[in-house]
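**Student:** Only the shape, not the letters, is given here:
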C-alpha cells in the first residue's frame, strides 16, 4: 500500500499513527447528480474528494501536521433548480434533509470519538451546506454530552476560496455566480484535470446546450416547473473549459483553504485520548 | 467516457437510455472499517461496488436487460464485535441505525421515482442487513403512497451466494462462518483480485495476527469488552489468501446472484413512466 | 372586527369565504434574534409578517383573488455568524433544523388540507431557507399521498425582490450583500416604517457599533468563535436608516413579489374541495 | 423603545440585563384555531401572551425579580373535538405531536443555554399540555447532558388558576368545565378585555350558535365525526361575556399564578453564567 | 386451546376467521408503574387487558360481531406526579412521548393492514391519552396513503364510563377525580376482582399511607419535586376497596363502553380485503 | 403476593429492595406473530418471558444476587419470511425498526436511571436483534450523557445457548438452523412445557403442514412473495415436539445463559445511587 491521505486507501494502524499526531480530518460531501451529457454524474463527490485530497497534502506539506480524508458522502441534498437543475431530473439521486443531517452528525461524531479534534467538512454540492452545518452542530453537542471536549469543525465550500482575481481571469466575459456554475466551466475544468476519462467535450451538443447561462427566477417553486431548467441540465456553458483552468482553480482554492485551515487549527494541540 | 455500469462514470443521458430499457439498479452498501494492518479500510464498500459491477455486467450479458450500479453507501452500521471487531476500534467510522435506514430508504425511493422497478441492494457489511431491509420496506411504502407501483427490491449479501463446494475447496481446514470472515481469506482474496494495491500481505505481522480465528462469545455486550477482539482486528487469518481464490469466489458469487436475479426479475416488464 | 388579511385577525367563517374564492396563503417565517441595541428582537418575524401583509393586499388589489396571511413562525433556525451574528448570542432563541422543517411541513400541509392550493412562504431570516424548502417538499409529498393534488408552493425571501436600481440608490457607498444586512440599513429602515416604537436610533452607541460592516470569514466554524462577531451584534451599520428608505424598500420588494406571484399563480383555478 | 416584558419588544442588551438579575422567563403556547364567527382565530395565542405579560408584570411588581415573555408559539396541537371542535374545521391550523414537542424543547433549552433557570410555560390551548410537558422534560435532559444544571420549568394552564368562587360568580347557571369553554364566556370575556377589536358580539348568530353547551361523547373517535361539533364551532355560548368578567378572570388567574410562581421560584438564586 | 378473545391465546387461523366476520379489535394500553406497597406494578396493563377482555366478550354477546384483544402495550408514558406519583419513582418504567406515539401508530396500522376496520384503543394509564391519540391519527393517515380506507378508531379510558350514580355509591365520602385514583379504591377493587393474588391489603402500612388523598398543585414542575408525592406513591387511600366494588366498577364501565362501541361501530360493515 | 422475579407481580417497595442489592434486570423482547394453527400467537413473547424467569431464578440460586424481569415487549420487528414467515401474514402484528429501537432504548435507560447496572436483554424473535442492539447502545449513550456510568448490557437470544450435543440429541434427523425453527420443534416443545393450554397438537393438519422444513431463498425480496412461505406459516414441522424436549431445551439454555451472565456480571458491584 502506498502512502495516502485517503482513509479508504489506508490501513487502520497507519490511520491511528496519524491521529496520534493530531491529524486534521477532511470530510468530503458531494452528490450523485446529473451534469449534462458531457460529464459523469459523480462530479460533486469526486471533485470534493479530489480537492480534499489536494488540500490534505498541502496541510501536511505546510507542517500543520498529518491530514486524512474520510470516504466521501456520495449522495447530497435534493438538487435545487437554481443551483443544480432540480431533483426532478432522472439520474439525480438525492437525500432528504434529515438524512444528510444525520450522516454529517454521525461521521463527525465518530471522528471525535476516535480522537480527532480538527475536522474540515468540505462541501461540493451547493444545496448541502445548511444541513451539514446542522449535523456538525449536533455532533459537537453529542460530543460535549459524552465528555469529549476540544473538537472544532470548519465548514467550507471549496469554490468560495477561488479569489476574485482568478475569477476575473477565468471568466473574461463576466461571472454569473457559483450557484449557476453547475456543470459549467469550473466543474468541467476541474474534471478535465482530475478525471479526464469522465468528461467528453464532444458530447456538448449545441442543440441541447442552449439557454445558457440559465435565467432563473429569484425564488423556488414546488413542485418544480421543469421548463425553468435548460434542456441540458447545465446552468452555464462548459465550452470554455480546459485542464489548465482546472489547475488554476485547484491551486487558488487549495491555497485559500490552506490559509483558512491554518487560521483555525494552527494553534491547536495534538491527539486527544478519549 | 467509456461505457460503464457505474452511475458514477455515466452521464445522465446515457443513464436515462438504460432506464428506458428497464434497467436493474444495484445499490452497494458497504462500510469504512478497520481490516487489520494488511488491508485498507475501504474493503466493505469497495468489494461490494466491485461485486455489484461484475454482477451488473453479467446481468446485461445474460440478456436480462441493462444494469446500473449507484454510488456506494460508503459508511455502514456500527461494527459489531462478533462480525467486525467492534465499533470501538479507531478507523471504523460507523452510522447509527436510523441513519442507515434513512439512507437506504431515500436512495431506493429516488430510484423508483426515476422509473426504476428492479432494485438489488447488495450488502457487503454484515451488520447492515436489518437496517437496510427496513429502509427498503419504507421506500416501497413511500412509493406506494405516491402512486408508484410495481417496484421490487431484492436484498442480498454477496457471500451468501458462494456455494458449499466452493467453500469446501477454499477452506480445506474447515469454514468458521461468514461472520468471522472479517478481514480473512474471502475479503483478502477478493481485494487481491480487485485492488491489489490496497493489500499488503507483508504487513501480516504474526505477533499481531494471533488468536485467529477469534473465539467469540455467543452474545453481545455493551460497552464493548475490548479484550474479546484479537489485537489485529481481524477475526480470521488472511494468510492463505490468493488472487486465484478471489477469482473463484467472485465467479461463484456472481453466478449465484445472477440466478437469484433472474428468478426475481426475469419476468418483469420494462420502464415505468412515473 | 375590521377586514384584515391576517388570519390572526379574522374569524373562521370569513376565512372560509376567502378560501372558497381561491385565496393565496402567505406563511411568514421569522426569528427571535438579537438585532443590536437599537432594535427589538422581533425584527425578522415582525417585518416578514408586515411584508406578507402588504403583499397580500397588493395581490387582492391586483385582482389575483383574495389573500390571507397565517400567524408567523416566530422562531427561526440557529442564527449563523455570517448572517445573524451567531446563535451563541443571548436573546437569540433558535430552533434546530428538524424542528423548523417540521413546522413548515405541518403548516403547509394543514393549509392544503383546508383547501388552499396557492401558498407563498415568505422568509425573513436568512438561515431558514433550506429547512423551510425541505418542509415545503415534505408537505407536498404528504398531500400527494393523501390524494390532495394541485397545490403549489412558492418560496422566497423578500429582500431578493429589491431591484438593483433601488439598491444602488439606497446604498450609495456600495452594497455588501443581504447576508451582512443583519440589523443594518434595510431592516432598520423597514422597522422605522412599520414599527417606529421598536427602534431607537439614539441607542446606536458608536463605541459598540464598531467594525461595521463586519469582515467575516468565507467559512463557518463551530463552536462559534465569538470574536468574529462585532460587539453590537449588527453586521452592518444602521446609521443611514430612514423611514423613507423603508418605504422605498417595501414598495420595491412588494412590486417584485407581486410579479413573481402573478407569474406562478396567475393562471391557477380556485378552491379545491378536499 | 418603551420598557416591556415582551422579548419581541425588547432589545438584546436590555434582555441580557434582566437575565443577569435572574429573570423568570414565560413561554406562551397557543394555537391558530377557529373560535366561531364572533372572534378572530388568534385567541389561544393572543390571550396566553396577554396573560403571560400580565403575570410577568405581577412577578416584577411582587419583588420576585424581573420577568420576560418570549414570542408566543403561534400554532398548537391538533384541535380535538371535545375541547376545540376538531382539527377538521377549516381555519384551525395544527401541528403534529412531534413538532410541538420539538418546539417546546428547543425554546426551553435555548433559554437555559442563555442563562435562564426559571421558566414558566403558560399553556392556552387545552390539547397542547402533554406534548409541551414532554418537550420541557427533553429540554432539561439536554441541559443536564450539556452540564447546565439548576434549571426548573413550571407548566401551567392559566384557567386552572381561576378559583372556585370566581367560577361560581361568573357562571351562575353552572360551569361545564374548562374543556367546553372553547370560544365561550371565559375566552370571549378575556378577548373583550385585551382585544376588543377582534371580537364582534353582533356576529353571534343564534341560528348558528345552537346546541350549546355542546354534549360531547366521553371518548374520541377518528376520523372525526363532524356532526358531533356544533355548527358554530364553539362548545359553549359566549353570549354572557363582558369586559368586566374579563377583568375578574384575569385578576383571579394572575393572582393564582403569582402564588404558584412564588412557591416554586421564590427561593431560587440568580443568573447562571453557563 | 380454549376459545379466547385474546390474540395472545389464539392461533392465527382462528384470528383470521374472526377478522373475516368484521371483528372489533381492542388495543389495551397500560404501564409498568409503582402502585404503592399493596399492589403489583402491572396494574395499568393488567386491568386494561382485563377490561378489554370483558368488553370484547360483551360485544360478541350483544351480537355486534366477534371481538379480539391484542397483546397489551405493557409500558406507558412518563408517570406524572398529579396522576401517577411521578416518573422519578423507582419501579415506574416509562416511555418517552415519541415512543408511545410510534407504538400506537404501528399497532393500529398493522391491524388495518390485516383487514380490521373497527379499532378500540382502551387506555388504562392517565398520562398516555394524548400520545395514543396522535399515534391513532398517524396510523389513519398512513392507511389512507396506502389506499386502506374505511377504518375507524375509538379512543377511551375505561374509568370515564363509570356513571355518576355508581361513583356516588362507591365513594360515599366524596370523589376526588380519576386522576387521584392512582392506586386507590377503583384500581385496588378491580385488582381484588381480577388478580387477588397480586394485591395484599395487609401491606397497607398506615405509617406510609399518609397524606391521602394527596393534595397536588394545579400545575406540573420539572424536575419533579419529590416531596409533593405521598410516601406510599398512592394518590388516594385504597383501604375501602373490596372485590364487590370491583364487580360494580367493571359492570358499570363495560356497560358504558358497550354502548359507546355500539354507537360508533353498530352500523359498520364487515371484513375488508386489503 | 407471592415472591416473584417478575416486576409485573412485584410491588415497588420489594423491587427497590432488590435493586439495593445489585439486582440483574432481564428485559424479554418478543413478538405477536402467527405460529401456525397449532399454537397461539404469543409464543415469542411468552417463551422469552418464561426463559427470562427461569434464568432469573437460576441467577438468584447461584448466589449472583437477586434478579428481576421487566414486563415483556409484546411486539417485535416485522416478521421476515426466512425466519418468521413474513409480515404479510395476518395476525402477525409488527413494529417498524425505529419503534423497536426506541422501545429498547427507553426501557434500558429507565432501568439505569432507577439504579440498575446489570441488564440482560433476552431476545425471542429472530428479527429483533439488530434493532434492540441499537436501542441498547443509545440507552448507554444517554446514560453516559446524564452522568450515569457503570451500566453494562448483555444481549442474547436464548436458543444460542442450546449446546451442540443437545441439538444433536433433539434433532436426530439433522438440524436446519434456528432461523427455520419458527413454530417448529423447539418453540412447540417449550410451549408444551410452559403453556400446554396454548398448544394443540391435534391442530397440526398435515394438509396444511406441507413443504417443511421450508426451502427458503438465500435473500429477501420486497414486497414479500407469498408463495415462498409454506401454507401453515411454520418453517419446520412441529410434529416431534414433546414436553420432555421442552425441559431439555430449557435446562440447556438456562445453564448456558447462567454461565454467560456470570462471566459478564460476576465481578460487578452492587447498587448505584444515581
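**Tutor:** Yep, it's here. If you're wondering where the values come from, they're calculated on a predicted model, not measured in any experiment.

**Student:** now stretch A:106-121: how far from the chain's centre is it?
**Tutor:** 17 Å (CA atoms, centre = their mean, to the nearest Å).

**Student:** how many other residues sit next to residue A:207?
**Tutor:** Counted with other CB atoms under 10 Å in any protein chain shown, the neighbours of residue A:207 add up to 7. Every residue, glycine included, has its C-beta placed from N, CA and C.

**Student:** Ok, residue A:159 next?
**Tutor:** Count around residue A:159 with other CB under 10 Å applied: 23.

**Student:** can you pull the contacts of it?
**Tutor:** Taking CB atoms under 8 Å, 6 or more residues apart in numbering or on different chains, we find residue A:159 in contact with A:178, A:181, A:186, A:253.

**Student:** The last one contacts residue A:50, correct?
**Tutor:** No. Under the criterion of CB atoms under 8 Å, residue A:253 makes no contact with residue A:50, lying 10.7 Å away.

**Student:** what about residue A:162, distance to residue A:190?
**Tutor:** Taking CB to CB, to the nearest Å as the measure, residue A:162 falls 11 Å from residue A:190.

**Student:** joint contacts of those two?
**Tutor:** Both residue A:162 and residue A:190 are contacted by residue A:249, under the criterion CB under 8 Å, 6+ apart.

**Student:** residues near residue A:53, how many?
**Tutor:** With other CB under 10 Å as criterion, residue A:53 counts 20.

**Student:** and it, what helix or strand is that in?
**Tutor:** helix A:43-61 (DSSP states H and E).

**Student:** What of residue A:142?
**Tutor:** Here residue A:142 sits within helix A:129-145, counting by DSSP H and E.

**Student:** rewinding a little: any part of the helix holding residue A:53 near chain C?
**Tutor:** No. Using CB under 8 Å from any CB of the partner chain, helix A:43-61 stays clear of chain C, with a minimum separation of 12.5 Å.

**Student:** what's the spacing between the next helix or strand after that helix and its chain's center?
**Tutor:** Once the chain leaves helix A:43-61, the next helix or strand it forms, by DSSP H and E, is strand A:67-69. Mean C-alpha position of strand A:67-69 versus that of the full chain (CA atoms, centre = their mean) differs by 14 Å.

**Student:** In strand A:67-69, which of the residues would be classed as buried?
**Tutor:** A:67, A:68, A:69 (16 or more other CB atoms under 10 Å in any protein chain shown).

**Student:** Just the helices from chain A, written as ranges.
**Tutor:** Remark: helices assigned in chain A by DSSP state H are A:12-20, A:43-61, A:81-84, A:97-114, A:129-145, A:164-170, A:185-194, A:243-265.

**Student:** right, and these - which one's nearest residue B:234?
**Tutor:** Closest to residue B:234 of the helices of chain A is helix A:12-20 (CB to CB; 10.4 Å).

**Student:** relative to helix C:129-145, how tilted is the helix holding residue A:142?
**Tutor:** In terms of direction (axes from the mean of the first three to the mean of the last three CA atoms, to 10 degrees), helix A:129-145 departs from helix C:129-145 by 100 degrees.

**Student:** so does helix A:129-145 get close to chain D?
**Tutor:** Yes. Using CB under 8 Å from any CB, helix A:129-145 reaches chain D at A:141, A:144, A:145.

**Student:** tell me the contacts of the residue nearest in space to the middle of chain A?
**Tutor:** Central residue of chain A (CA atoms, centre = their mean): residue A:124, 2.3 Å from the mean position. Residue A:124 makes contacts with A:28, A:29, A:30, A:31, A:44, A:45, A:47, A:48, A:51, A:157, A:158, as judged by CB under 8 Å, 6+ apart.

**Student:** how near is it to residue A:57?
**Tutor:** Per CB to CB, residue A:124 is found 17 Å from residue A:57.

**Student:** how about the helix holding residue A:53: buried residues?
**Tutor:** Going by neighbour count (16+ other CB under 10 Å), the buried part of helix A:43-61 is A:43-56, A:58-60.

**Student:** Equivalent analysis for stretch A:185-194, please.
**Tutor:** Neighbour-count burial for stretch A:185-194 flags A:185, A:186, A:187, A:188, A:189, A:190, A:191, A:192, A:193, A:194 (criterion: 16+ other CB under 10 Å).

**Student:** that older thread, the helix holding residue A:53 - contacts with which helices or strands?
**Tutor:** For helix A:43-61, the helices and strands in contact under the criterion 3 or more CB pairs under 8 Å, 6 or more residues apart in numbering or on different chains; DSSP states H and E are strand A:24-29, strand A:67-69, strand A:118-123, helix A:185-194, helix A:243-265.

**Student:** average model confidence for it?
**Tutor:** For helix A:43-61, mean pLDDT rounds to 98.

**Student:** you'd agree residue A:131 is up against residue A:105?
**Tutor:** No. When contacts are counted by CB under 8 Å, residue A:131 is not listed as touching residue A:105 (10.0 Å).

**Student:** So these two - more neighbours on which side?
**Tutor:** Applying other CB under 10 Å to residue A:131 and residue A:105 shows that residue A:131 carries more neighbours, namely 30 against 24.

**Student:** and the residue in the stretch 51-200 of chain A that chain F sits nearest to, how many residues sit next to it?
**Tutor:** Of all residues in the stretch 51-200 of chain A, the one sitting closest to chain F is residue A:145 (3.8 Å; CB to the nearest CB). Per other CB under 10 Å, the neighbour tally for residue A:145 reads 20.

**Student:** Can you tell me the closest non-neighbouring residue to residue A:75?
**Tutor:** Nearest non-adjacent residue to residue A:75, counting by CB to CB, 6 or more residues apart in numbering or on different chains: residue A:95, 5.0 Å away.

**Student:** check contacts around that neighbour.
**Tutor:** Contacts of residue A:95 by CB under 8 Å, 6+ apart are A:75, A:76, A:77, A:78, A:103, B:102, B:103, B:106, B:107.

**Student:** if you set the cut-off to 10 Å instead, what comes out?
**Tutor:** A:31-32, A:73-78, A:101-103, A:127-128, A:131, B:102-103, B:105-107, B:110 (CB atoms under 10 Å, 6 or more residues apart in numbering or on different chains).

**Student:** what's the answer for residue A:167, then?
**Tutor:** Counted by CB under 10 Å, 6+ apart, residue A:167 has contacts A:159, A:174, A:175, A:178, A:186, A:249, A:252.

**Student:** Could you work out the most separated pair of these?
**Tutor:** A:174 and A:252 (18.3 Å).

**Student:** okay, these two: which has more neighbours?
**Tutor:** More crowded of residue A:174 and residue A:252, by other CB under 10 Å: residue A:252, with 20 against 8.
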